[in-house]
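Engineer: From the sequence below, what's the structure:
(chains A and B)
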Protein chains: 2
Amino acid sequence: MALALSSEAQDLLFREARTANTFTDEPVGDEQMRAIYDLVKYAPTAMNQQPLRVLLVRGTEARERLVGLMSPGNRAKTAAAPLVAILAADLDFHEELPKVFPHFAGAKDLFADEAARARSARFNATLQVGYFILGVRAAGLAAGPMAGYDAAGIDKEFFDGDHTVLAVVNIGRPGENAWFDRLPRLAYDEVVTTV
Amino acid sequence: MALALSSEAQDLLFREARTANTFTDEPVGDEQMRAIYDLVKYAPTAMNQQPLRVLLVRGTEARERLVGLMSPGNRAKTAAAPLVAILAADLDFHEELPKVFPHFAGAKDLFADEAARARSARFNATLQVGYFILGVRAAGLAAGPMAGYDAAGIDKEFFDGDHTVLAVVNIGRPGENAWFDRLPRLAYDEVVTTV
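Structural biologist: So this is what the prediction gives:
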């Protein structure tokens, strides 16, 4: 079956896109990040929560602090990438609900419980991490998402306790030998069942 | 700045796409679901974990069981949608690592701890929920993801304890009055900061 999405777009976002481990020196500007955000902001979250927050690590000193908090295997590429973004969940996202979910006055009060609020923040911001990675690709750039880091250290160094890191993403144009061979994907019948 | 992704694809996946609350009667076939999966399977997960599992609820009796486990406000649309998918995380995804991450023999052993494994399963399968929603849109269909349900009840009724539900998604062609007005999105400067 043919999808409605053009084959060029399928290739750009999914089939040809790959997690990059090396990048060229070409910088990634704020206007590119703005175009990415202004696309992916429309993708859905529960009750329009939008808990994702993005910290662009541009300063030399900030980059060094971040590199020191990455797992050893991620340090060299984090140091070398044109741009590194820390993607985090805002644990106090509910403060924005009167603005982003205005037709239901009680929305904020549903998240008074801190543990339940943190679960919702993590879930919805993680959906947005997925959208963000595809948005980087939509801009013609490559993303290198990483999960290996000292999460408590990043939360302490870069946030004031009301955000928690979900992923660190290198962003740029892919460099030489940017990726490994494509790893196997599970087949449809291994993932999808019918009842 | 212009994105590399065509404006038609931007509209299909993000700008014009909306969370649907009503659907036409047109069925959604297995070949459409296969095309969606064969696109979104390429999007990245940490260590290629791919913990998402999809249960298509097609049988009348299964649909009734699911409707009874949805929040009251979600029951009518879950009963009426052409297709309903339960998206879940496989808490034993690590059993597949020798196949999907074959170059690192110790991968499976990294996830011996049950709590750490559950966190990784939830995080990566939630990324894949985001990809799946965009994949439904890539097929020219509308998705209606829902978070309001009895999660423990669904896990018990539909899974044998080794999967946990992350979202229930109605899928089909949008019907009459399918959506509410677009809710406000946070501005770039409310979400993205630089250090």
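Engineer: quick one, strands of chain A?
Structural biologist: Assigned by DSSP state E, chain A shows strands spanning A:52-57, A:83-90, A:142-146, A:163-172, A:192-194.
Engineer: can you list the ones you listed in CSV and add mean neighbour count, mean pLDDT and distance to A:Leu5?
Structural biologist: For the C-beta atoms, the positions are set from N, CA and C on the backbone; glycine is no exception. Putting the strands of chain A into CSV (neighbours: other C-beta atoms under 10 Å in any protein chain shown; pLDDT from 0 to 100; distance: least, C-beta to C-beta, whole Å) gives the following:
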stretch, mean neighbour count, mean pLDDT, distance to A:Leu5
strand A:52-57, 22, 98, 24
strand A:83-90, 24, 98, 25
strand A:142-146, 23, 96, 19
strand A:163-172, 24, 98, 23
strand A:192-194, 15, 97, 19
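Engineer: Take these and write them to JSON lines, including distance to chain B.
Structural biologist: As requested, the strands of chain A are arranged in JSON lines below (distance: least, C-beta to the nearest C-beta, whole Å):
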{"stretch": "strand A:52-57", "distance to chain B": "4"}
{"stretch": "strand A:83-90", "distance to chain B": "8"}
{"stretch": "strand A:142-146", "distance to chain B": "6"}
{"stretch": "strand A:163-172", "distance to chain B": "7"}
{"stretch": "strand A:192-194", "distance to chain B": "4"}
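Engineer: among those strands, which is nearest B:Tyr131?
Structural biologist: Judged by C-beta to C-beta, the one of these that comes nearest to B:Tyr131 is strand A:142-146, at 12.6 Å.
Engineer: other SSEs contacting the closest one?
Structural biologist: helix A:72-80, helix A:114-138, strand A:163-172 (3 or more C-beta pairs under 8 Å, 6 or more residues apart in numbering or on different chains; DSSP states H and E).
Engineer: hang on, the earlier thing: CSV please, covering the strands of chain A and showing distance to A:Met70.
Structural biologist: Shown next, in CSV, are the strands of chain A (distance: least, C-beta to C-beta, whole Å):
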stretch, distance to A:Met70
strand A:52-57, 11
strand A:83-90, 9
strand A:142-146, 7
strand A:163-172, 7
strand A:192-194, 35
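Engineer: on that earlier part again, pick the most deeply packed of the helices and strands packed on strand A:142-146.
Structural biologist: strand A:163-172 (a mean of 24; mean count of other C-beta atoms under 10 Å in any protein chain shown).
Engineer: C-alpha coordinates for that one, CSV please?
Structural biologist: C-alpha atoms of strand A:163-172 as CSV (Å, rounded to 0.1, in the frame of the first residue of the first chain):
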residue,chain,number,x,y,z
HIS,A,163,13.4,19.9,35.0
THR,A,164,14.7,16.5,34.4
VAL,A,165,16.8,15.5,31.4
LEU,A,166,15.4,12.9,29.0
ALA,A,167,18.0,12.9,26.2
VAL,A,168,21.0,14.7,24.9
VAL,A,169,21.0,15.2,21.2
ASN,A,170,23.9,16.1,18.9
ILE,A,171,22.8,18.1,15.9
GLY,A,172,24.5,18.9,12.6
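Engineer: wait, what's in contact with the spatially most central residue of chain A?
Structural biologist: Closest residue to the average C-alpha location of chain A: A:Val129 at 3.2 Å, with C-alpha atoms, centre = their mean. Contact analysis of A:Val129 by C-beta atoms under 8 Å, 6 or more residues apart in numbering or on different chains lists A:52, A:87, A:145, A:166-167, B:127, B:130.
Engineer: Would you check which pair of those residues lies furthest apart?
Structural biologist: A:Leu52 and A:Pro145 (13.4 Å).
Engineer: shaky segments in chain A?
Structural biologist: Judged by pLDDT under 70, chain A has its weakly predicted residues at A:1.
Engineer: now the farthest one out in it, which residue is it?
Structural biologist: A:Val195 (33.2 Å).
Engineer: Hmm, B:Gly59 and that residue touching each other?
Structural biologist: Yes: shown here, A:Val195 and B:Gly59 form a contact pair, counting by C-beta atoms under 8 Å, at 6.0 Å.
Engineer: What is the neighbour count of A:Leu69?
Structural biologist: Neighbourhood size, A:Leu69 [other C-beta atoms under 10 Å in any protein chain shown]: 22.
Engineer: Pretty sure A:Gly175 sits against A:Lys77.
Structural biologist: No: using C-beta under 8 Å as the test, A:Gly175 is too far from A:Lys77 to be in contact (9.9 Å).
Engineer: which neighbours do these two share?
Structural biologist: Shared contacts of A:Gly175 and A:Lys77 (C-beta under 8 Å, 6+ apart): A:Thr22.
Engineer: Kindly indicate which of the contacts of A:Val129 lies nearest A:Met33.
Structural biologist: Closest approach to A:Met33 among these (C-beta to C-beta): A:Leu87, at 12.1 Å.
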